[in-house]
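**Q** Here is my input; please provide its structure:
(one chain, ligands or ions: 2)
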Amino acid sequence: MSSCFGILVLRKAGHDASSLAREGLRFTHVRNPKQRWEGVSLGLEDCIFCKIAKGEIGALVYEDEFVAAFNDLNAQAPVHVLIVPKKHIARLSDVTDNEDACIMGKVLLAANKIAAERGIAEEGYRVVVNCNEGAGQSVWHVHFHLLGGRKLGWPPG
Ligand code: 5GP
Ligand code: ZN
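**A** Ligands and ions are numbered 1, 2, ... in the order given. You can find the predicted model right below:
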């Protein structure tokens with residue numbers, strides 16, 4: 001299969017590099033000059049939030065069977081925690097069955113617990129999920145932003 005053909009197949013299926021990244025996939029060109037073939041290999045993307053959730057990098061501020069949480073690298077408020085399911089789900093709109101919906105419920109329970117632990121439960125906190133580029137999603141592992149510790153304006157930008 002030539003690389004052009006491989007890319008054509010992906011394009012016909014409605015994919016490009018960024019849509020594959022959203023599914024947690026990446027494609028790389030594979031070329032063997034001696035045998036004179038080229039191809040496209042599909043592999044699971046290294047997901048940064050999967051790695052953090054597994055404790056491979058960074059530090060967790062909360063963990064249970066289904067959920068992991070860690071401080072946002074670029075905090076937008078005195079409390080800015082990212083809460084993720086341990087299961088790789090690329091974005092909120094991919095949650096379509098009861099099993100994943102239950103996991104999202106566990107994420108919200110964790111948000112409530114962390115807000116209480118951080119002492120922002122009474123004054124108020126915000127839980128935000130950005131779904132897809134237009135809403136500002138930049139990491140393709142669904143994550144809930146828990147924000148608090150300052151007055152939060154509305155509407156959001
Ligand atoms: P989004 O824009 O997808 O809603 O939010 C992604 C968030 O992840 C951003 O607030 C960004 O600061 C945070 N972020 C991106 N990469 C990392 C990382 O490697 N570690 C941590 N702790 N946060 C990250
Ligand atoms: Zn992931």
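**Q** how about the nearest residue to the most centrally placed residue in the chain, chain neighbours excluded?
**A** For the chain, the residue nearest the mean C-alpha position is residue 141 (1.6 Å; Cα atoms, centre = their mean). Once flanking residues are discounted, residue 141 sits nearest to residue 49: 3.7 Å by Cβ to Cβ, 6 or more residues apart in numbering. Glycine gets a C-beta too; all of them are placed from N, C-alpha and C.
**Q** Surely the residue nearest to the centre of the chain is in contact with residue 46?
**A** No: counting by Cβ atoms under 8 Å, residue 141 stays clear of residue 46, with 11.0 Å between them.
**Q** re the thing from before, make sure the residue nearest to residue 141 is indeed in a helix.
**A** Yes: the assignment for residue 49 is a helix, going by DSSP: H, G, I helix; E, B strand; the rest coil.
**Q** For it, give me its contacts.
**A** When contacts are counted by Cβ atoms under 8 Å, 6 or more residues apart in numbering, residue 49 touches 82, 84, 139, 141, 143.
**Q** Just the buried subset of those residues, please.
**A** Buried members of the contacts of residue 49, counted by 16 or more other Cβ atoms under 10 Å: 82, 84, 141, 143.
**Q** Now the two most distant members of those.
**A** Put simply, by Cβ to Cβ the two of the buried ones among the contacts of residue 49 set farthest apart are 82 and 141, 9.6 Å from each other.
**Q** and ligand 1, which of the buried ones among the contacts of residue 49 contact it?
**A** Checking these against ligand 1 by Cβ under 6 Å from any ligand atom, the ones in range are residue 82.
**Q** what's the closest of the buried ones among the contacts of residue 49 to residue 153?
**A** Distances from residue 153 to the buried ones among the contacts of residue 49, taken by Cβ to Cβ, are shortest for residue 82, at 20.4 Å.
**Q** List the residues that contact the closest one.
**A** 49, 69, 70, 71, 72, 143, 144, 145, 146.
**Q** In which helix or strand does residue 52 reside?
**A** helix 48-53 (DSSP states H and E).
**Q** same deal with residue 106?
**A** Short version: residue 106 belongs to helix 98-117, going by DSSP H and E.
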